[in-house]
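from the sequence below, what's the structure:
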Amino acid sequence: MRIRLSAPLHCSDGPYGNVTHVIVAPRTRRITHLAAIEPGLWPVERLIPTALIGESTPRAIVLRCTRAELERLIALSELGHSRYAHAACVLDDEADLSWSLEFPEETALTVPREIVPPGEVAVHRYTRVQASDGLTGQVEEFLTANRSGAISHLVLREGHLWGRRTATVPVSAIVGFDEDMIRLGLKKQDIAALPAMAVRS
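Predicted structure coming up:
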C-alpha cells in the first residue's frame with residue numbers, strides 16, 4: 001500500500017479530513033496508526049489504527065468504518081487550557097465562551113499536546129531525512145508490504161520547487177527514527193542512484 005502523508009481520508013459514508021502524521025513503531029518498522037484531523041468547528045486529531053485501512057492510493061485513503069465510528073476513537077491531541085491576556089482568542093467550549101464574555105480583556109488559548117503511544121514516533125510530511133553525510137530531503141510517503149503496516153520503503157523528496165525528485169529508499173537503509181528526523185545508513189550519492197517514484201504535489 002502507498003500511505004501518502006497529507007492524503008485525503010474517506011470513511012465508508014463520506015470524506016473525513018486529511019492525514020497529518022503516521023505513527024511508527026521503530027523497533028518493528030511498522031506503521032501502527034494514522035493521525036487525522038476530525039473536521040468541524042473545533043478540530044481534534046485522532047489516532048486511526050492501520051487495521052481500518054481498506055484501500056490506499058496516492059489520491060486517497062479509504063477506511064473500513066463510518067464517520068461516527070471514527071469519531072469514537074482516541075483523540076491524538078489532548079487539550080490543555082491556559083489564559084493569556086490579549087492573546088488571539090481560540091474558543092474551545094461553552095466555558096471558554098462564558099469566560100471571554102465575562103472578562104473581555106482576557107482570552108482562552110487552547111494548547112495541544114501530542115499523545116503518541118509509548119515507544120513509537122510520529123512522522124509528518126516534510127519530516128527531515130538525514131543521510132550518513134548530511135541532510136538529504138523530506139518524507140513524502142511510505143510503502144507498506146501488506147495490511148499489517150510493515151514498511152517496505154520510504155519515499156523521500158529531494159530538492160526544491162524546480163528541481164524536485166523522489167527516491168524510493170528500502171526500509172533496510174533506515175537506521176533510526178528520531179522525534180523530528182529519520183536517519184539513513186546511505187550516503188547522498190547512494191540515494192541519488194535509487195529509483196524514483198511519481199508523487200502528487
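
residues in contact with Thr20?
Thr20 sits next to 5-6, 35-37, 45, 124 when contact means CB atoms under 8 Å, 6 or more residues apart in numbering. Glycine gets a C-beta too; all of them are placed from N, C-alpha and C.

swap the cut-off to 6 Å and go again
Counting by CB atoms under 6 Å, 6 or more residues apart in numbering, Thr20 touches 35, 37.

then the one 10 residues further on?
If you count contacts by CB under 6 Å, 6+ apart, Arg30 has them with 149-150.

can you give me the pLDDT of it?
Looking at Arg30, its pLDDT is 93.

that one bridge partners, please.
Ala25, Ala150 (DSSP bridges).

what bits of this structure have low per-residue confidence?
74-115, 159-163, 198-201 (pLDDT under 70).

quick one: the helices in it?
67-71, 94-102, 188-192 (DSSP state H).

quick one: buried residues of the last one?
Buried residues in helix 188-192, counting neighbours by 16 or more other CB atoms under 10 Å, are found at 190-191.

that one packs against which elements?
Applying 3 or more CB pairs under 6 Å, 6 or more residues apart in numbering; DSSP states H and E, we find helix 188-192 packed against no helix or strand.

what's the offset of that helix from the middle of its chain?
Centroid displacement of helix 188-192 relative to its chain, using CA atoms, centre = their mean, to the nearest Å, is 26 Å.

what residues does that helix touch?
Helix 188-192 is touched from outside by 131, 133, 136, 167, with contacts defined as CB under 6 Å, 6+ apart.

then that helix to CSV, C-alphas only?
Output of helix 188-192 as CSV, limited to C-alpha atoms (Å, rounded to 0.1, in the frame of the first residue of the first chain):
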residue,chain,number,x,y,z
LYS,A,188,23.8,11.1,-0.6
GLN,A,189,25.3,9.7,-3.8
ASP,A,190,23.8,6.3,-3.0
ILE,A,191,20.4,7.9,-2.5
ALA,A,192,20.7,9.7,-5.9
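
Arg128 contacts Glu179, correct?
No. Counting by CB atoms under 6 Å, Arg128 sits too far from Glu179 to count as a contact (10.8 Å).

my guess is Val44 meets Ala35, correct?
No. Applying CB under 6 Å as the test, Val44 and Ala35 come out as separate, 10.6 Å apart.

off-centre distance for stretch 23-30?
14 Å.

how about stretch 1-9?
In terms of CA atoms, centre = their mean, the centre of stretch 1-9 is set 9 Å apart from its chain centre.

other residues contacting that stretch?
16-19, 36, 56, 58, 60-61, 125, 141-144.

list buried residues within those.
Among these, those classed as buried by 16+ other CB under 10 Å are 16-19, 36, 56, 61, 125, 141-144.

quick one: the nearest residue to Leu154 once chain neighbours are set aside from Asn18, how far?
Excluding the flanking residues, the one nearest Leu154 by CB to CB, 6 or more residues apart in numbering is Val169, at 4.5 Å. Val169 sits at a distance of 24 Å from Asn18 (criterion: CB to CB, to the nearest Å).
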